[in-house]
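Peer 1: Here is the input, now give the coordinates:
(chains A and B)
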Amino acid sequence: MARSQALMIEIATGDPRPISKQIADGVRMKIATGELQLGVQLPSVRGLAMQLTINPNTVAKAYAELTSEGWLEARQGLGLFVAPPRQRLSAHERDKRFDEAVSRFVHDVVALDIAADEVIARIDVELQAFATKKTA
Amino acid sequence: MSDFVIETRALSKRYGSKLALDHLDLQIPRGRIHAIVGANGAGKSTLFRILLGFLPPTAGEARILGRDSGCLTPDDRARIGFVNEEHTLPGWMPVSAVIAMHRRQYRRWNEAAFASVLGHYHVLPEQKVGQLSRGERAGFNLALALAQGPELLVLDEPTLGLDVVAKRAFLESLMYSNASEDCTVIYCSHQMDEIERVADNLIILERGQLKNMSAPEDFCARVTYWVADIPFKGPDQQLVPGLLQVQRIDGLHHYVVIDQDEDFGEFLRAHGARSVQSMPVSLDRAVNGFLAKNHAAPAAA
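Peer 2: From the prediction side, this is the model:
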């Protein structure tokens, strides 16, 4: 029987995001970075609920959202698995998120007073690491 | 069978000149975990006492598991588990005697469920109940309540005073034990982090009235936090729509408001705000803001 892969996420109570949203965000991030690869099985609803000490219905809600967005797929009687990638965001949404991410990054980095070419070189190295992970 | 485990109609309870419950209409559906929050004196404990038939209402109706609370039979009571915040059990009785008594009295006694919950606590059969620590008594009490195989479990601040390990064991027993499947749980607590982890439904009582009944995140989404830079005096508080809390910090006005959309920003600008920012809030802050609105406070200086 295929074992599900451990899902290394933490949730925080007192966050403005509801717990189900925190789980969905965490899983999306892990899929996007290649830490959770195509075809990997996710923990059961009950299992993840116990890991995080939360109500199982909350996990079920996060999984339902991820499934409807196409990040996960259910296999009858087996559980949930990471689905094959497709363009999950509209072009507009993608541009918007990219703009936000860049502006957040620039704001943080400008304050550190580091030369632009040093910043760009470092970004390049970090992105290369993800590129190899994804193809591995 | 009624679809509601708890049903009250125009339920009132008066202590002298104080209304503890004020024409309360409350219907709690069967299944899942329902959290009840309210400021001290909102009427939670009074509500439970009336529902369990320990206290007669001044007016109105109270039904639990479809039965009139005023005339519950021992069989009805066997279907209801109750853990109160004091964890009242006879202090002079040894633990083993309490267990034997419950085993005898509850026909659906579930030994496996009892053992799986009590196993988290270091409780010896020969110990007297009065010698147990608060946490041990809480665990013992929950184990007894779950082992009776209740359809409805009422918990009145069950984790008050528990250490972190005991609290976690308590929550795990509540959410993952087989004994709590098919059981509707009413959970009364002041601890928002617990409610966020545990509750499917958030019920807010204030001054004996029902103020909210929805998923915790839906309630949270109704409340927003705004900071506005308004020179001089802000708008009259009476005019601010949905106002829960307002503070002036370092010359900026901080508002916590409910059921407001982007138009609230326009409202602030119309009252002279040079800049307006908003953000969502945590459940803790949302509930806090909501209860603070009418919370008792000393008269302004």
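
Peer 1: Residue numbers of chain B in contact with chain A?
Peer 2: Within chain B, the positions lying close to chain A (Cβ under 8 Å from any Cβ of the partner chain) are B:32-33, B:168, B:171-172, B:175-176, B:192-193, B:196-200, B:216-217, B:220, B:279-284. For glycine as for every other residue, the C-beta is placed from the backbone atoms N, C-alpha and C.

Peer 1: What about those, which are in helices?
Peer 2: Taking DSSP state H as the definition of helices, the residues of chain B next to chain A contribute B:168, B:171-172, B:175-176, B:192-193, B:196-198, B:216-217, B:220, B:283-284.

Peer 1: Please pick the buried ones from those residues.
Peer 2: Neighbour-count burial (16 or more other Cβ atoms under 10 Å in any protein chain shown) applied to these gives B:171-172, B:175-176, B:192, B:196-198, B:216-217, B:220, B:283-284.

Peer 1: Give me the distance between B:D182 and A:Y63.
Peer 2: For B:D182, the distance to A:Y63 (Cβ to Cβ, to the nearest Å) stands at 22 Å.

Peer 1: what do you get for B:I80?
Peer 2: B:I80 is 33 Å from A:Y63, where distance means Cβ to Cβ.

Peer 1: And A:G14, by the same measure?
Peer 2: From A:G14 across to A:Y63, the span is 23 Å (Cβ to Cβ).

Peer 1: Could you list the domains of chain A?
Peer 2: According to automatic domain parsing, chain A comprises the domains A:19-82, A:91-135.

Peer 1: Have a look at A:G14 and A:Y63 and say which one is more surrounded.
Peer 2: Using other Cβ atoms under 10 Å in any protein chain shown, the more surrounded residue of A:G14 and A:Y63 is A:Y63, with 24 against 11.

Peer 1: which residues does that one contact?
Peer 2: Contact analysis of A:Y63 by Cβ atoms under 8 Å, 6 or more residues apart in numbering or on different chains lists A:42, A:45, A:72, A:80.

Peer 1: For the chain, give me the ranges with low pLDDT.
Peer 2: All of this refers to chain A. A:1-3, A:87-88, A:131-136 (pLDDT under 70).

Peer 1: not what I meant, chain B
Peer 2: Residues of chain B meeting the criterion pLDDT under 70: B:1-2, B:178-179, B:296-301.

Peer 1: Helices of the stretch 101-250 of chain B, residue ranges please.
Peer 2: In the stretch 101-250 of chain B, the helices defined using DSSP state H, counting those that start in this stretch lie at B:111-118, B:134-147, B:164-176, B:192-198, B:216-222.

Peer 1: Could you say which of these is packed most deeply?
Peer 2: Highest mean neighbour count of those: helix B:134-147, a mean of 24 (counted as mean count of other Cβ atoms under 10 Å in any protein chain shown).

Peer 1: what does that one contact?
Peer 2: Residues outside helix B:134-147 that contact it (Cβ under 8 Å, 6+ apart) are B:81-83, B:87, B:89, B:95, B:98-99, B:102, B:106, B:109-111, B:113-114, B:117-118, B:120-123, B:129, B:132, B:153, B:155, B:158-159, B:161-163, B:166, B:169-170, B:173-174, B:177, B:179-180, B:183.

Peer 1: Locate the residue minimising distance to the centre of chain A within the secondary structure: which element?
Peer 2: Nearest to the centroid of the C-alpha atoms of chain A, with distances taken as Cα atoms, centre = their mean, sits A:M29, at 1.6 Å. A:M29 belongs to helix A:19-32 when assigned by DSSP states H and E.

Peer 1: Show residues contacting that helix.
Peer 2: Helix A:19-32 is contacted from outside by A:7-13, A:15, A:17, A:36, A:42, A:48, A:52, A:54, A:58-59, A:61-62, A:65-66, A:71-72, A:82, B:196-197, B:217, using Cβ under 8 Å, 6+ apart.

Peer 1: do stretch B:247-257 as well
Peer 2: For stretch B:247-257, contacts defined as Cβ under 8 Å, 6+ apart pick out B:223-230, B:234, B:240-246, B:264, B:268, B:273, B:281, B:285, B:289.

Peer 1: repeat that with 6 Å
Peer 2: The contact list for stretch B:247-257, computed with Cβ atoms under 6 Å, 6 or more residues apart in numbering or on different chains, reads B:225-230, B:234, B:242-246, B:289.

Peer 1: Report how many residues lie close to residue 5.
Peer 2: Since you didn't name a chain, this refers to chain A. Residues lying near A:Q5 (other Cβ under 10 Å) number 15.

Peer 1: Wait, chain B was what I had in mind.
Peer 2: Residues near B:V5, counting by other Cβ under 10 Å, number 26.
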